[in-house]
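Asks: Mind looking at a prediction? Sequence and model below.
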Amino acid sequence: MVRSLVRSALDAVGLEVRRRRPRAAGGATAVLREDAREAVHYARGGVASSFLASPDVVRDVRGFSFASAGWHPWTAEVVDQRRRGNATYPGSLLERFHGTFRPPSALAALAGFSARSGSLERLPAHLFWLTPWFAHDVDALERSVRDWVARGARSAGVVDYDFERDGTPYHGPVSSRHGQAETTRLHEVAEALQRTGGWDRAHGDSLGYLVRRGSEHVVVKFGGGYHRTAAMAALALGDVPVRLREPVEVDVRDVDDWPQVRRGTWDRDTARRYVDHLFDFDAAGWARARGLA
């Protein structure tokens, strides 16, 4: 019974139960380095590398925080499920988040970030992933977002998922069936982590990269392990193994050279303020103001 429940939870995040070693791109094992600095230098040299990161320094692209004093809708949903004793979407915190956060543009999807950016204001909300350092064009991002959201939804049980009809799990509007699939996925992942007592690196590490501001850094979550990271933070199960992926490390000192700044999608000052947003955004205050915390 336990084995089937664990398998269900791992299937929900697209993982292979038979896998025994942490795998990186190309089949290489991701080596756990001593710290972030060591991991950065190995990763830049083409060697798959991970390090242990406290959830307190992990953010998503919007600025939502996995910190104990921060707020993230998925982490908050896991906590609320344990309070209310069920994983149903109707009446859930996640449903309230989807209902109250329906940004009209990519810029508005960066919660709490206020700026004037014609390019981002003209893009649909699901393209909020277009950070100042994003190296590809908008069309490539559009294809990628649609692909990974569809694969995630189908692996969670929405087999005939439709992007326009069902939406994305990152903001509203979202269909009730897609919302339920996400709520169930978070529940199953949290239950599996609770039983194992933490992160099992045999199933891969959480993907992300560093953003640096002077001597400070945050980890920006980007790629696999998103739900597990949220559940780890909700359950206070300790550090998260982060495997560095491209762009590995971004430093605000290089703002003038970032691809989307050079292309004019982001202006220099707005790009710098976005970095500050990743470090300083009061996500918990944002959620309280909307009745979500």
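Replies: Noted; the coordinates are in hand.
Asks: List of residues touching stretch 52-68?
Replies: Residues outside stretch 52-68 that contact it (C-beta atoms under 8 Å, 6 or more residues apart in numbering) are 32, 36, 69-73, 75, 109-113, 128-129, 131, 170, 208, 217-222, 226, 229-230, 232-233, 236, 239-242, 277-278, 281, 283-284. Just so you know, the C-beta spots here come from the backbone N, C-alpha and C atoms, and that holds for glycine as well.
Asks: hmm, try it at 7 Å
Replies: Residues from elsewhere that reach stretch 52-68 (C-beta atoms under 7 Å, 6 or more residues apart in numbering): 71-73, 75, 109-113, 128-129, 131, 217-222, 229-230, 232-233, 239-242, 277-278, 281, 283.
Asks: cool, stretch 272-280 as well?
Replies: In contact with stretch 272-280 (C-beta under 7 Å, 6+ apart) are residues 59, 63, 113, 115, 132, 211, 213, 216, 218, 220, 252, 255.
Asks: got the CA coordinates for the helix or strand that contains residue 192 in PDB?
Replies: Take DSSP states H and E as the rule and residue 192 turns out to sit in helix 176-196. Provided in PDB are the C-alpha atoms of helix 176-196 (Å, rounded to 0.1, in the frame of the first residue of the first chain):
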ATOM      1  CA  SER A 176     -11.700  23.100 -11.800                       C
ATOM      2  CA  ARG A 177     -10.300  19.900 -13.000                       C
ATOM      3  CA  HIS A 178      -6.800  21.300 -13.500                       C
ATOM      4  CA  GLY A 179      -7.000  23.000 -10.100                       C
ATOM      5  CA  GLN A 180      -8.000  19.600  -8.600                       C
ATOM      6  CA  ALA A 181      -5.100  17.900 -10.300                       C
ATOM      7  CA  GLU A 182      -2.700  20.400  -8.900                       C
ATOM      8  CA  THR A 183      -4.200  20.100  -5.400                       C
ATOM      9  CA  THR A 184      -4.000  16.300  -5.500                       C
ATOM     10  CA  ARG A 185      -0.400  16.400  -6.800                       C
ATOM     11  CA  LEU A 186       0.700  18.700  -3.900                       C
ATOM     12  CA  HIS A 187      -1.000  16.400  -1.400                       C
ATOM     13  CA  GLU A 188       0.600  13.200  -2.800                       C
ATOM     14  CA  VAL A 189       4.100  14.800  -3.000                       C
ATOM     15  CA  ALA A 190       3.800  16.100   0.500                       C
ATOM     16  CA  GLU A 191       2.700  12.700   1.800                       C
ATOM     17  CA  ALA A 192       5.600  10.900   0.100                       C
ATOM     18  CA  LEU A 193       8.100  13.400   1.500                       C
ATOM     19  CA  GLN A 194       6.600  13.000   5.000                       C
ATOM     20  CA  ARG A 195       7.000   9.300   4.900                       C
ATOM     21  CA  THR A 196      10.600   9.300   3.700                       C
END
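Asks: could you give the mean pLDDT of that helix?
Replies: Averaged across helix 176-196, pLDDT comes to 97.
Asks: now stretch 152-170
Replies: Here the average pLDDT along stretch 152-170 is 97.
Asks: Tell me how far it lies from the chain's centre.
Replies: 17 Å (C-alpha atoms, centre = their mean, to the nearest Å).
Asks: Which neighbouring elements make contact with the helix or strand following the helix holding residue 192?
Replies: Sequence order places strand 206-213 as the next helix or strand after helix 176-196, per DSSP H and E. The contact analysis (3 or more C-beta pairs under 7 Å, 6 or more residues apart in numbering; DSSP states H and E) places strand 206-213 against strand 216-221, strand 240-251, helix 268-280.
Asks: before we move on, back to that, is there a quick ChimeraX command that grabs whichever of the contacts of stretch 272-280 are buried?
Replies: With 16 or more other C-beta atoms under 10 Å as the criterion, this ChimeraX line picks the buried residues out of the contacts of stretch 272-280:
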select :59,63,113,115,132,211,213,218,220,252,255
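Asks: which two of the contacts of stretch 272-280 lie the greatest distance from each other?
Replies: 115 and 216 (21.3 Å; C-beta to C-beta).
Asks: now the helices and strands packed on strand 206-213 in a markdown table, with distance to residue 175?
Replies: Output for the helices and strands packed on strand 206-213, formatted as a markdown table (distance: least, C-beta to C-beta, whole Å):
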| stretch | distance to residue 175 |
| --- | --- |
| strand 216-221 | 24 |
| strand 240-251 | 30 |
| helix 268-280 | 30 |
